[in-house]
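In: sequence isn't available, so here's the structure alone:
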């Protein structure tokens, strides 16, 4: 029988406002922004983007887009393409024929902001239902301390990111030590859905917000597991496909 | 048909570190620290304490205990009565024969601290399973905006406070507008327990922490609904029994 102590810890941070409670130094950190930054990142990279460069502001996005060759700028504010940028924040906007070989410079309200808040991590990857199984495979392969970081909505807890964190916890919990109530709560929430994520989320605040922009189909897409089975990993400020 | 807009909002704040996201001004705020400050407050007041004075530090507790007539000081640090104080933080320590007519000056790690962080609220009450139904009755009677504030554990999310918040949401949701994912998540968690709170909580971090001090029976007590059916309400810095 293996002692619990031989497994690294797995914690869930439910909001960027709680990040100071977690020691990210030396940990593998998973950035989660299901609606929709980390879903879009998975789709763009799986469809052949050379890299995705997450930036904090619209201005940074414009500046970097002007500098990098063969790049596109993308980002939304209030559900519309932000003034000065070229594209939106939807995984469906980046089919292979369009994005292959290009660099996507992306800014979002919650996900890219959280990514820039992480300090001293061993590794930063992004997770979404679109790359759920690959995310878990990666975490199991690392055998290191893990922090699942939910981007939330303007620092508030949200259901979709928590649900994804719970899906990860449920899948890999036997290989980690879980002492954190957030991880247990997320797992309980996940296990209540019976795998029907989108129906569970129809009552969530973000679903209602994005429905007002007619994005129901897109949200159903974002909650479909494993459509884009890759692991986006941060190297020198850009997310690229991890090679196992 | 009544429009949703006619109901006041109900929100759940999962940690003191998220409190800045909520506008407590003019709201009815419920402080929740199930293990064990708000359980002890309900028990002491129901058993006849004149009032419970929540204070932030052990030193404040000692100072005030020396000033107030017929008072007791209480508070724990790391599961033991804090040096300089007289009693612990257990609802079972305050039977009627002992506490009746006295003032309890209480300091705890999480609950009393959160209480002192609230600014500009219309009303502050404390909630626990021991006074669950009365808490709901009070909130329904006020017809005002409600924020359920979980004390958590050293600013982390915890399952027991969230579960209690979820119990309140489940009971009164038809009379409030709930746009907040935290409230929905708490309610989902609560509804998963089938009412068997203590079994659900046996896997929680705080249950394990307090079990190490032999407090299992006390935690079972703290998760039994309605043993102390009163509403502790803050008046001039002291919690007293609300008169309906």
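Out: On my side now, so go ahead. Quick caveat, the model's predicted, so the values are computed rather than measured.
In: who touches the lowest-mean-pLDDT helix or strand in chain A?
Out: One helix or strand of chain A scores below all others by mean pLDDT, DSSP states H and E: strand A:80-81, with a mean of 88. Outside strand A:80-81, the residues that touch it by Cβ atoms under 8 Å, 6 or more residues apart in numbering or on different chains are A:74, A:75, A:87, A:88, A:213. No exception for glycine: its C-beta is placed from N, CA and C like everyone else's.
In: just the buried residues of the residues you listed.
Out: A:74, A:75, A:87, A:88 (16 or more other Cβ atoms under 10 Å in any protein chain shown).
In: show me where chain A has strands.
Out: A:10-13, A:28-32, A:51-54, A:71-77, A:80-81, A:103-107, A:123-127, A:146-150, A:232-235, A:238-241 (DSSP state E).
In: quick one: mean pLDDT for the third one?
Out: It refers to strand A:51-54. Per-region confidence: strand A:51-54 scores 97 on mean pLDDT.
In: which residues does it contact?
Out: A:37, A:41, A:44-45, A:64, A:68, A:71, A:103-108, A:111-112, A:115-116, A:232, A:237-240.
In: and residue A:235, how many neighbours?
Out: Other residues within reach of residue A:235, judged by other Cβ atoms under 10 Å in any protein chain shown, total 11.
In: tell me how far it lies from residue A:42.
Out: Applying Cβ to Cβ, to the nearest Å, the value for residue A:235 to residue A:42 is 16 Å.
In: cool, residue A:224 as well?
Out: 11 Å.
In: just for chain A, where's the confidence low?
Out: A:1-5 (pLDDT under 70).
In: write out the residues of it neighbouring chain B.
Out: Proximity of chain A to chain B, by Cβ under 8 Å from any Cβ of the partner chain, involves residues A:14-15, A:17-18, A:20-21, A:153-159, A:162, A:179-182, A:184-185, A:188-189, A:192, A:203-206, A:208.
In: out of these, which are buried?
Out: Using 16+ other Cβ under 10 Å as the threshold, A:14-15, A:17-18, A:21, A:153, A:155-159, A:162, A:180-182, A:184-185, A:188-189, A:204-206 are the buried ones among the residues of chain A next to chain B.
In: that older thread, now distance to residue A:94 too, for the strands of chain A, in a markdown table please.
Out: Shown next, in a markdown table, are the strands of chain A (distance: least, Cβ to Cβ, whole Å):
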| stretch | distance to residue A:94 |
| --- | --- |
| strand A:10-13 | 28 |
| strand A:28-32 | 18 |
| strand A:51-54 | 9 |
| strand A:71-77 | 8 |
| strand A:80-81 | 14 |
| strand A:103-107 | 7 |
| strand A:123-127 | 15 |
| strand A:146-150 | 23 |
| strand A:232-235 | 13 |
| strand A:238-241 | 13 |
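In: return the distance of residue A:119 relative to residue B:17.
Out: Relative to residue B:17, and taking Cβ to Cβ, residue A:119 is found at 17 Å.
In: ditto for residue A:112
Out: Relative to residue B:17, and taking Cβ to Cβ, residue A:112 is found at 22 Å.
In: before we move on, what about residue A:238?
Out: Distance from residue A:238 to residue B:17, by Cβ to Cβ: 31 Å.
In: elements contacting the biggest helix by length in chain A?
Out: In chain A, with assignment by DSSP state H, the single longest helix is helix A:159-172. The helices and strands touching helix A:159-172, judged by 3 or more Cβ pairs under 8 Å, 6 or more residues apart in numbering or on different chains; DSSP states H and E, are strand A:10-13, strand A:28-32, helix A:132-142, strand A:146-150, helix A:181-192, helix A:197-201, helix A:205-211, helix B:181-192.
In: select, out of the ones you listed, the one closest to residue B:56.
Out: helix A:181-192 (24.1 Å; Cβ to Cβ).
In: residues making contact with the closest one?
Out: Helix A:181-192 has contacts (Cβ under 8 Å, 6+ apart) with A:10-14, A:148, A:159, A:162-163, A:165-167, A:169-170, A:173, A:178, A:200, B:153, B:156-159, B:162, B:185, B:188-189, B:192, B:203-206.
In: again with stretch A:83-98
Out: Taking Cβ under 8 Å, 6+ apart as the rule, stretch A:83-98 contacts A:36-37, A:39-40, A:42-44, A:47-49, A:58-59, A:61-62, A:65, A:72-76, A:80-81, A:104, A:106-108, A:130, A:215, A:218, A:221-222, A:228.
In: could you rerun that using 7 Å?
Out: With contact meaning Cβ atoms under 7 Å, 6 or more residues apart in numbering or on different chains, stretch A:83-98 is reached by A:36-37, A:39-40, A:43-44, A:47-49, A:58, A:61-62, A:72-76, A:81, A:108, A:130, A:218, A:221-222.
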